[in-house]
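# no sequence on hand, only this structure:
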């Protein structure tokens, strides 16, 4: 430690050379130290080699970082602040009960709502026979249910809705509720495929066979 | 702050065309915000998924270095980085100040590493498999390969020794091994003045030289600046 105390900048000078930030004054100071202790050059050489080896080791260790992508989760929904969370805790139960209550009133068989009856008068035929004037989103949804039922594609709506968040309304009266509506559809397809991930992390479709196993194969 | 260059489309697999499209878009996005990283961060925090992806790609290398500096030896860096990435997706939208993104990201990384260390208390000691020895020093290429392998082994040994340094020295030292980080940028990340970072890195290198000479493990690590015991190694 005695040497360090005599030359307090010795380590700093070596470090600057290693990082390539040493200036003329630093080199002169290093020269001055070396005039009394040639060992400083050996220290410098050691420090440079260690830095090179350490850089390689760290690079190797963190190399997998380049393969780590952001997961495909739901993108940054703005989660509620503490105050909002308090409101949600206080009112979410009532909101959920209200949503369930409405769903119960209109629920159909097997817990799936039948397509809602269309009570919007057909005002114009814009896209051919049977098309209706869509004045708002509710009209559009009704038309979707109606047409979907006709095509045997839309079976109904699940009685529950997925609550995402609630906020006090901007005008202070009531609340705004964000939720996911769950609609049941049916399609016929020639074969089934599911998305799976191969050994390189690529998403690929893979065929799925859901036929019941025959007695021979048991 | 310069970060990792955005992956070129050549890195993407040919079969993943949507991902290639995303990478192309991300590249143009990165180019667009090259002169103003604050805009990129602000866009990412506002919910722009592509901007968030570019931001992650620009920062994930130093995040990995932070994890390396703080994680327990047995913990898998890959797993921890995945956890941090998931946190970025889930919680970055809660940040209001783009300027705080990097310090927030560092905190997330350190917390992930510490959680992993705490989880160890409840898990059995992993037993090394027979084949878990360091890479054999087979050198089919002659002297040059021998030198390469020697350097590699030396690098690994130094990295192990670096883990014995006090935390406040270890982190800046490892961050400085990333070519694209200056003292100032490291200071911004770890919340220290530039001069302090420079001094700590110099002291860390001094300690590392001493550890390398004395063998390292099991010794108490002293701060050369004060001659005072500031860390203890089991």
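Alright, I've got the coordinates. Please read these numbers as outputs of a predicted model, since none were measured by experiment. Numbering: from 1, shown residues only, chains lettered A, B, ... in the order given.
# contacts, neighbours, all on C-alpha from now
Will do.
# secondary structure element for the residue of chain A found nearest chain B?
Scanning chain A for proximity to chain B using CA to the nearest CA identifies residue A:53 as nearest, at 4.2 Å. Using DSSP states H and E, residue A:53 falls within helix A:39-62.
# list the buried residues of that helix.
A:40, A:43-44, A:47-59, A:61-62 (16 or more other CA atoms under 10 Å in any protein chain shown).
# hang on, the earlier thing: list the contacts of the residue of chain A closest to chain B.
B:151-152, B:154-156, B:158 (CA atoms under 8 Å, 6 or more residues apart in numbering or on different chains).
# quick check, nearest of these to chain A?
residue B:155 (4.2 Å).
# pLDDT score for that closest one?
In this model, residue B:155 is scored at 90, pLDDT.
# wait, residue A:175 touches residue A:165, no?
No. Judged on CA atoms under 8 Å, residue A:175 makes no contact with residue A:165 at a distance of 10.2 Å.
# out of the contacts of residue A:53, which touch chain A?
Checking the contacts of residue A:53 against chain A by CA under 8 Å from any CA of the partner chain, the ones in range are B:151-152, B:154-156, B:158.
# and the closest residue in space to residue A:168 that isn't next to it in sequence, backbone torsions?
For residue A:168, ignoring the flanking residues on the chain, the nearest one in space by CA to CA, 6 or more residues apart in numbering or on different chains is residue A:175 at 4.3 Å. The phi/psi pair for residue A:175 (degrees, to the nearest 10) reads phi -140, psi 150.
# and residue A:175, how many neighbours does it have?
By other CA atoms under 10 Å in any protein chain shown, the residues close to residue A:175 number 15.
# who's in contact with it?
A:166-169.
# what's the pLDDT at residue 192?
Went with chain A since none was named. For residue A:192, the predicted pLDDT is 77.
# I was thinking of chain B, sorry if that wasn't clear
95.
# state the distance from it to chain A.
Computed as CA to the nearest CA, to the nearest Å, the residue B:192 to chain A distance reads 17 Å.
# rebuild the ones next to chain A among the contacts of residue A:53 as a markdown table, extending it with secondary structure and neighbour count.
As requested, the ones next to chain A among the contacts of residue A:53 are arranged in a markdown table below (DSSP: H, G, I helix; E, B strand; the rest coil; neighbours: other CA atoms under 10 Å in any protein chain shown):
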| residue | secondary structure | neighbour count |
| --- | --- | --- |
| B:151 | helix | 19 |
| B:152 | helix | 20 |
| B:154 | helix | 20 |
| B:155 | helix | 23 |
| B:156 | helix | 20 |
| B:158 | helix | 24 |
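# do a quick rundown of the strands in chain B.
B:221-223, B:228-231 (DSSP state E).
# which of those has the lowest mean pLDDT?
Minimum mean pLDDT among the strands of chain B: strand B:228-231, a mean of 38.
# for residue B:206, state which of the ones next to chain A among the contacts of residue A:53 is nearest.
Closest approach between the ones next to chain A among the contacts of residue A:53 and residue B:206, by CA to CA: residue B:158, at 12.5 Å.
# tell me who's in contact with the closest residue to the closest one other than its chain neighbours.
The shortest distance from residue B:158 to any non-neighbouring residue, by CA to CA, 6+ apart, is to residue A:54 (6.2 Å). For residue A:54, the contact set (CA under 8 Å, 6+ apart) comprises B:155-156, B:158-159, B:177.
# which parts of chain A are strands?
A:154-157, A:162-168, A:175-180, A:183-185, A:192-197, A:203-208.
# Serialize these to JSON lines and add fields for distance to residue B:55.
As requested, the strands of chain A are arranged in JSON lines below (distance: least, CA to CA, whole Å):
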{"stretch": "strand A:154-157", "distance to residue B:55": "39"}
{"stretch": "strand A:162-168", "distance to residue B:55": "27"}
{"stretch": "strand A:175-180", "distance to residue B:55": "29"}
{"stretch": "strand A:183-185", "distance to residue B:55": "36"}
{"stretch": "strand A:192-197", "distance to residue B:55": "25"}
{"stretch": "strand A:203-208", "distance to residue B:55": "23"}
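# right, so of the ones you listed, which gets closest to residue B:119?
Comparing these by CA to CA, strand A:192-197 comes nearest, at 28.9 Å.
# poorly predicted segments of chain A, please.
A:1-8, A:73-132, A:195-199, A:201, A:203, A:209-218 (pLDDT under 70).
# try 80 this time
Residue ranges of chain A with pLDDT under 80: A:1-8, A:72-133, A:158-167, A:180, A:190-218.
# and the contacts of residue A:175, which is closest to residue B:99?
Nearest to residue B:99 among those, with distances taken as CA to CA, is residue A:167, at 27.6 Å.
# my guess is the closest one meets residue A:176, correct?
Yes. Using CA under 8 Å, residue A:167 is in contact with residue A:176, at 5.2 Å.
# helices of the chain, residue ranges please.
Since no chain was named, I'll use chain A. Under the criterion DSSP state H, chain A contains helices at A:2-6, A:10-19, A:24-36, A:39-62, A:82-105, A:137-150.
# wrong one, I was asking about chain B
B:17-32, B:37-45, B:49-70, B:77-91, B:101-119, B:143-162, B:167-176, B:183-190, B:194-214.
# I'd like those helices as CSV, with distance to residue A:71 appended.
Listed next are those as CSV, based on distance: least, CA to CA, whole Å:
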stretch, distance to residue A:71
helix B:17-32, 13
helix B:37-45, 15
helix B:49-70, 10
helix B:77-91, 6
helix B:101-119, 16
helix B:143-162, 30
helix B:167-176, 25
helix B:183-190, 24
helix B:194-214, 33
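# and residue B:184, what does it touch?
Residue B:184 neighbours (CA under 8 Å, 6+ apart): B:193-194, B:197.
# lowest-confidence helix or strand of chain B?
Lowest on mean pLDDT, DSSP states H and E among the helices and strands of chain B sits strand B:228-231, with a mean of 38.
# how close does the closest residue to residue A:34 other than its chain neighbours get to residue A:54?
Distances taken as CA to CA, 6+ apart place residue A:40 nearest to residue A:34, at 5.8 Å, with adjacent residues excluded. Distance of residue A:40 to residue A:54, computed by CA to CA, to the nearest Å: 21 Å.
# great, nothing more from me.
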